[in-house]
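J.: Fold the following for me, if possible:
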Amino acid sequence: MCGRFTIQYTWAEYYDALNLIPASAKGRNDPPRFNVCPGQTFGAVVRDDADYHIIDPKWGFIPFWAKEAKFKPINAKGETVATNGMFRTAFAQKRCLIPANSYYEWVTPEPKVKLPYNIHLKDDAPFFFAGIWGTNETLDTMTSAIITTTPHPDIAHIHDRMPVILSADAYEPWLDPATDADTAVALLGQNRGSELVAYRVSTDVNSNRSQGSQLIDPIDA
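T.: As a prediction, the model looks like this:
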């Protein structure tokens, strides 16, 4: 799964590095975030028939048909996202790219002991999670979820799921409204899991109140 992540780059840096984000996003001055948590909002890239846009959904997906916010899953399994009744409409019509440059996962060697790891690309480059989003008029909300898959063997000892980190070749077809669901499922296979590395970080990140660059500092395991 993916339960926390970081957004350390500016939108201008994402624009320069990824060559996809609308130029207007370069003017956004969002501060770096070292502990993005469920229930919080973040910027995400979407596309309509004409152009790319930035939206700000809340993390925890609520389908358009829900009458109450009873369940707000933060992740959607890539193996079933196209057919699961909660996610399938969003997957077919409202796919997004969620910018990040690392995420956290926990090892639990014994009950009530959660040891966090920071997981990122080897060169610390920015990347995009594959996501879905949607609006719910009844609840007046816009929400999102990150799509997950099985992890690469190099990080499977940390957790049995990982977020899908799409390759650059998949960005445009992923966002294209004309891309059908079967093709989008195939794009999830363009996952950069083999490029990830991990190291232990402080348990301070276990609290959703913790912030600051010290959260990504490596510690001795």
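J.: Can you point out the buried residues in the helix or strand of the chain with the lowest mean pLDDT?
T.: In the chain, no helix or strand scores lower on mean pLDDT, DSSP states H and E than helix 11-18, which sits at a mean of 84. Neighbour counts using 16 or more other CB atoms under 10 Å place 11, 14-15, 17-18 of helix 11-18 among the buried residues. Where you see a C-beta, it was placed from the backbone N, CA and C, and this is true even at glycine.
J.: Where do the helices of this structure begin and end?
T.: 11-18, 88-93, 168-175, 181-187 (DSSP state H).
J.: nearest to residue 213, of those?
T.: Nearest to residue 213, of all these, is helix 11-18, at 15.8 Å by CB to CB.
J.: what's around residue 64, how many residues?
T.: 15 (other CB atoms under 10 Å).
J.: quick one: it and residue 137, what's the gap?
T.: 7 Å (CB to CB, to the nearest Å).
J.: before we move on, what about residue 30?
T.: 27 Å.
J.: For residue 88, list the residues it contacts.
T.: 81-82, 181 (CB atoms under 8 Å, 6 or more residues apart in numbering).
J.: Top of those by number of neighbours, please.
T.: Of the contacts of residue 88, with other CB under 10 Å as the count, residue 81 tops at 27 neighbours.
J.: Does that one touch residue 148 like I think?
T.: No: with contact defined as CB atoms under 8 Å, residue 81 does not reach residue 148; the gap is 9.0 Å.
J.: which residues of this protein score low on pLDDT?
T.: Applying pLDDT under 70 to the chain flags residues 1, 221.
J.: let's go with 90 and repeat that
T.: 1-2, 10-29, 48-52, 69-71, 108-113, 220-221 (pLDDT under 90).
J.: Can you show me the strands along it?
T.: 4-7, 33-36, 44-47, 52-55, 58-59, 75-77, 95-100, 102-110, 113-121, 127-136, 141-149, 162-163, 196-200 (DSSP state E).
J.: The first one pairs with which strands?
T.: Partner strands and pairing direction for strand 4-7 (DSSP bridges) are strand 33-36 (antiparallel), strand 102-110 (antiparallel).
J.: Contact partners for residue 109?
T.: Residue 109 touches residue 115, counting by CB under 8 Å, 6+ apart.
J.: Who does the spatially closest residue to residue 120 that is not a sequence neighbour form a beta bridge with?
T.: Closest residue to residue 120 apart from its sequence neighbours, by CB to CB, 6 or more residues apart in numbering: residue 102 at 3.7 Å. As for beta bridges, residue 102 partners with residue 6 under DSSP bridges.
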